[in-house]
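Participant: give the three-dimensional model of this entry:
(4 chains)
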Protein chains: 4
Amino acid sequence: MSKTKGLNVGIVGYGFMGRTHSNAWLQAPRYFNLAYRPVLKAVSARNVDRVRAFAENWGYQSVESDWRALIARSDIDLIDIASPNDTHAEIAIAAALAGKMVMCEKPLGRTAEEARAMVDAVESAHVPNMVWYNYRRVPAVVLLKKLLDEDRFGRIFHYRSQFLQDWTISEDLPQGGEGLWRLDSSVAGSGVTGDLLAHNIDMALWLNGPITEVSAMTETFVKERKHNLTGEVEPVKIDDASAFLCRFANGSMALFEATRYARGHKALFTLEINGERASAAWDLHDLHRLQYFDYRDEGQLRGWKDIHITDGGHPYMKNWWVPGLQIGYEHTFIHQVADFVLALDGGPTAAPTFRDGLATELVTDAVLHSAKSKKWESIPTA
Amino acid sequence: MSKTKGLNVGIVGYGFMGRTHSNAWLQAPRYFNLAYRPVLKAVSARNVDRVRAFAENWGYQSVESDWRALIARSDIDLIDIASPNDTHAEIAIAAALAGKMVMCEKPLGRTAEEARAMVDAVESAHVPNMVWYNYRRVPAVVLLKKLLDEDRFGRIFHYRSQFLQDWTISEDLPQGGEGLWRLDSSVAGSGVTGDLLAHNIDMALWLNGPITEVSAMTETFVKERKHNLTGEVEPVKIDDASAFLCRFANGSMALFEATRYARGHKALFTLEINGERASAAWDLHDLHRLQYFDYRDEGQLRGWKDIHITDGGHPYMKNWWVPGLQIGYEHTFIHQVADFVLALDGGPTAAPTFRDGLATELVTDAVLHSAKSKKWESIPTA
Amino acid sequence: MSKTKGLNVGIVGYGFMGRTHSNAWLQAPRYFNLAYRPVLKAVSARNVDRVRAFAENWGYQSVESDWRALIARSDIDLIDIASPNDTHAEIAIAAALAGKMVMCEKPLGRTAEEARAMVDAVESAHVPNMVWYNYRRVPAVVLLKKLLDEDRFGRIFHYRSQFLQDWTISEDLPQGGEGLWRLDSSVAGSGVTGDLLAHNIDMALWLNGPITEVSAMTETFVKERKHNLTGEVEPVKIDDASAFLCRFANGSMALFEATRYARGHKALFTLEINGERASAAWDLHDLHRLQYFDYRDEGQLRGWKDIHITDGGHPYMKNWWVPGLQIGYEHTFIHQVADFVLALDGGPTAAPTFRDGLATELVTDAVLHSAKSKKWESIPTA
Amino acid sequence: MSKTKGLNVGIVGYGFMGRTHSNAWLQAPRYFNLAYRPVLKAVSARNVDRVRAFAENWGYQSVESDWRALIARSDIDLIDIASPNDTHAEIAIAAALAGKMVMCEKPLGRTAEEARAMVDAVESAHVPNMVWYNYRRVPAVVLLKKLLDEDRFGRIFHYRSQFLQDWTISEDLPQGGEGLWRLDSSVAGSGVTGDLLAHNIDMALWLNGPITEVSAMTETFVKERKHNLTGEVEPVKIDDASAFLCRFANGSMALFEATRYARGHKALFTLEINGERASAAWDLHDLHRLQYFDYRDEGQLRGWKDIHITDGGHPYMKNWWVPGLQIGYEHTFIHQVADFVLALDGGPTAAPTFRDGLATELVTDAVLHSAKSKKWESIPTA
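Facilitator: Okay, the predicted model is just below:
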């Protein structure tokens, strides 16, 4: 495969998401036949020592200590935002104004209001844009989407989805600062609603269509934590757990739940969908498997089929190994890069776009509002 | 074991529950050392031919075509109510007035109001009473209760429970009449809320304490069905699916869901509880297993343990076979008879009593109200 | 159902198998429509006090302290042998000579030689006969047999089967006497080969046809144990573990293994069969499930289906509860009684007959010989 | 991390293993702190067009059409052999003679004789050497090795291991040539014995110590196939399936089995080990999980623990993502590169060395011999 055209990437942030994105930019062209070869031009972050080490490790050609400088460079085609949530809107809007393509880590903004401004910016600028809801590109989930699109399920009755973690149970865990900004509401925007439920919702909207109304409940189990930056014990303002009932436009009912207090679960993102003729379930702890039940099977042999999504005929898998050999978490980001680049070369628009990201935030905002109002809240259109 | 004292049982109803109860009365004394040997004195039902065949099969000594006659007999110590929901209150109250012990199939009444009258009757009459919430006596669940009572879980954060079935999806299924009275709201009282969620709630109250408030959603997916007795197509008045968010008095959050439209699930009663130090999960499709996670395990070896509840040290199991050999559904009823009879002989009061049954109905009533009001509803004390 | 004809049963032995058989005789007519109603006439055993308590518990009308007296009784139609292995041959042969039907607990004899004499006796006497290889009547296994008979698997390539236990690992466990005669080679005949592998082999012969040759290995891990009857530390003469490779007449290859030293496994009887077009697997720890893989499924949706064998359309299950509600271990014996009685009423001969039991012992004998000779051994025809 | 020293790699072969190795050389330094940074100097293969495309994709600086030229280059430190089995010995011996480090894809040679010559070559030349038995570096398996080394299992009674595939069942599949040389005995040496069982054996020797004797059985189910290179229908000379019983020096018994005819299994490499105090099991279809049973757990809570091997405290995992996020197949090769390079920098010798690889081939040779001789065969020391 000849890959003569370069796609010059400038990334903001070198944390956990900086690593997953960088890996994806490097690996995608080796496993997928892409017309553009991503070039790791520059990485930007405030801590110069750290950003230099990061650049060396991943092969970025240069570093910047200010994202504004990155955006100002004429040799950058695409800005990849991998920094904390409170920076997303400002960077994305500036990048769009500068005519750069923008890929933004999820959630798009801290609120729907921020997200809407970001949508306006990229759509006005007509720049390709995407949100890193990486789980849409788990092969098992892509297969499920295909089965749904083929109308194998018939009328949908139920959808349910969880994201269960347990890493903040200890009262001794501080909040704020590097690695712990997800507990700081001013940076993160919200707790598990924006961090975890946003994944569940993005996927649900994609698989099952729009949500029309929600009734929600949130909880903060540990009320005070020491703040890493101030050194003070301060009230915890994020939601530790969040759950909601909802209805979809297609008439199905659903339950969603996310928490960081479900002892024994590390990153258990689950989903299940029940239709008239078929059902399916998936979870992140065995992301290479899809559970499928088909009512049209012969009666005495009906059961849940455990499909090991590692065959060449499964989504993305002909680009990897041979049947039986599983891929892991980081591959979902590689697939996202591949699809984004293929779209640049005339493929279908790669979703989720910023507008799709806004749709999710309209739901997360309604969830947070409903938890306060104790009322059912309607979801506006994105 | 010498079992000289008889306990004379008169049962009302010969349907599915008539069979499970009869089996339990016969088997309990063979596997448990009981001071009273149940004697199957009489069975009552309107259809005389059928009730005779039933009596012959199970060894009942006589039949009655009217439950009033059964209650009037002086040779009956205990009335076992295994007839449809709309008959429970009248029979139970009459039996209590006649000084009989009463065991009543669940749900206790069609409404909390009916249930409260039944509680008043048995408590005024000071007769032993119990509701057949049989799943409390699954050995795996009893072990879980024991672990909770030993405070192995610490503070409880989450509880979730489902009851998923799929047997009413077809629009051609009629409602009403024998075998299908559960779809007829005048007989059943409600749909899955009283039939299925009642099991989930009874068990949750037992394991996790009182529920304080609920926000619910119900749905009737198939709006009209032919009625078996009238022959007419009539509106379906029961709830096909029911779900709710709630809070427990202990501060934990919970989600409950029941449906008969979850394609691929036959009788999937599940529960999970997450505490500070431990979590556990169980489901009815493999009722002989308990999943247990203990955070106090050595870090690198933490995981969910799959416990095959078939050892002599497990609840009830020394009375059955040897390790590895599983028991099934009907054994839960046998355990209930054993515990009830042991209580008569000076053992602890066998729960759930009618008062416990009322507590469940106060929740199911609130669920049905909340689904209509679209508001959070508080739960009164039983 | 009118069951006017009685089938008078006399049982020998009141141990673990005495309980499972007695339960089966009592329960079968309640759940299956049988032309003959079993009558528990008498139980025989040397310990008179114990046998009386046993008779009272299960409802046997009388007791005998000598099995010869039982056989001599004219009011007994069928002798059910539930005593230790060293008594099987003598009792069965005497019963056949007296013209009684005979049902014998497995293994048929301690050796193929004993088994052959038993076959000769029942066949000469033309009396109905059966061996209690109860696992043939697990509904999931019966369904598998049906699928094989319908030639859904095509050419068979592989068969494998295990029976893993862990209850004799402690060196402090004594051998011999009540409850522990399975460790005493003079009573049991062999160790796990006759006790456990015999089950694996009986089922394999039924499902996959004759075995032609074996290469085996056995081991006695604990070499000496105190004998409960003599009080002396004596050499252990049974095999603690036994494994073999073999070929079937249909060209397939197989591995079998049984042990009482597989820590963590209680009674894990497993089997798997791999054919050209389909594969299936089953195990005793979840006996109500069958795993099934069908290559003719659509490519992208191929997987192992987990079938919950609790539907009315599954073997035996319309006689039990409703979909989703599982049965357990003792039900396999009930099914065996039902099939035996149906055969008396003109149904197909109920297998395994004594001749089928002999076929298994020809394999277990060859396994024990091969383990000593360290050579492949051919299997003679039963 | 500053990685100033380069390690110049020359690879032979661009097939499936060429990809996994190349990925490993590229990824290892990004995720592990290594003193030497691998440099992809050159790739060698006969097909110049293909090798150029391969070099471009993976970033090799140059290509060679003859491996002898590669070995002759002074700028190459290490020869990585990823070509078919029949080339291993000649290349490895030449590379060692030239003083290069050698990493060789498994199996080491087609026979123990070839392997022994390779061992002699690298040991005489004192060059670092390693065989790509990649599955030793699955984190779950490394944890198991650690648990065994800590003597948590006590005396070992049983070991069993399978490698089940189903990709050669069709009679229409040809043999020989690119992608199908594994079916050509002249190239592969043997069938599943060398291809699959070699993995099982290497891991067993590592985990459970030396094997002393084997009794084996092999089968070729499809006797003739069209040869891709000659175009002729020719006899199939490889073993399609291979199984053996064996004894280990530690007194444990074992069963091994590999096949390409187990319908429904893609690459199901399994292992289980049963000790006096603990047992463990693992399989490749969920390589990120370890099953562990500990008899020292509290009696009523004993069970098999399902450990999701994704925590920072698990082997290799602190270098990857966060708890709950799984890695896949290719990571095992990355870990192998990391360990090899760490050994160059003063770490422990990275196993399996060529001598370890020879030990495996002494077993596979004995298995093939036993299958022909139909006798137990002893295993010589490597």
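Participant: what's the burial count for the nearest residue to A:Ile93 once chain neighbours are set aside?
Facilitator: Distances taken as CB to CB, 6 or more residues apart in numbering or on different chains place A:Ala121 nearest to A:Ile93, at 4.2 Å, with adjacent residues excluded. For glycine as for every other residue, the C-beta is placed from the backbone atoms N, C-alpha and C. Using other CB atoms under 10 Å in any protein chain shown, A:Ala121 has 20 other residues around it.
Participant: ok, A:Ala121 - contacts?
Facilitator: Contact analysis of A:Ala121 by CB atoms under 8 Å, 6 or more residues apart in numbering or on different chains lists A:Ala92, A:Ile93, A:Ala96, A:Leu97.
Participant: tell me how far the residue of the stretch 51-200 of chain A found nearest chain C lies from D:Gly328.
Facilitator: With CB to the nearest CB as the measure, A:Leu143 is the residue of the stretch 51-200 of chain A nearest to chain C, at 6.6 Å. Distance, A:Leu143 to D:Gly328, by CB to CB, to the nearest Å: 17 Å.
Participant: looking at the two, which one has more neighbours?
Facilitator: Per other CB under 10 Å, whichever of A:Leu143 and D:Gly328 has more neighbours is A:Leu143, with 23 against 20.
Participant: surely that one meets A:Thr310?
Facilitator: No. Counting by CB atoms under 8 Å, A:Leu143 sits too far from A:Thr310 to count as a contact (11.5 Å).
Participant: by neighbour count, which of the contacts of A:Ala121 wins?
Facilitator: Of these, with other CB under 10 Å as the count, A:Ala92 tops at 30 neighbours.
Participant: and the next helix or strand past the helix or strand harbouring that residue?
Facilitator: Using DSSP states H and E, A:Ala92 maps to helix A:88-97. Using DSSP H and E, the helix or strand that follows helix A:88-97 in sequence is strand A:101-104.
Participant: what about the helix holding A:Ala92, average pLDDT?
Facilitator: On average, the pLDDT along helix A:88-97 is 98.
Participant: so which elements touch that helix?
Facilitator: helix A:67-72, strand A:78-81, strand A:101-104, helix A:112-125 (3 or more CB pairs under 8 Å, 6 or more residues apart in numbering or on different chains; DSSP states H and E).
Participant: now that helix and helix A:112-125, what's the angle there?
Facilitator: On the basis of axes from the mean of the first three to the mean of the last three CA atoms, to 10 degrees, helix A:88-97 is oriented at 10 degrees to helix A:112-125.
Participant: hmm, who's touching helix A:88-97?
Facilitator: Applying CB under 8 Å, 6+ apart, the set of residues contacting helix A:88-97 is A:12, A:67-68, A:71, A:79, A:81, A:83, A:102, A:104-105, A:107-110, A:114-115, A:117-118, A:121-122, A:124-125, A:127, A:129, A:354.
Participant: among those, name the buried ones.
Facilitator: Using 16 or more other CB atoms under 10 Å in any protein chain shown as the burial test, those include A:12, A:67, A:71, A:79, A:81, A:83, A:102, A:104-105, A:107-110, A:114-115, A:117-118, A:121-122, A:125, A:127, A:129, A:354 as buried.
Participant: can you report how many residues neighbour A:His335?
Facilitator: 23.
Participant: the least confident helix or strand in chain A by mean pLDDT: how far from the chain's middle?
Facilitator: Least confident helix or strand, chain A: helix A:185-188 with a mean of 89, by mean pLDDT, DSSP states H and E. In terms of CA atoms, centre = their mean, to the nearest Å, the centre of helix A:185-188 is set 18 Å apart from its chain centre.
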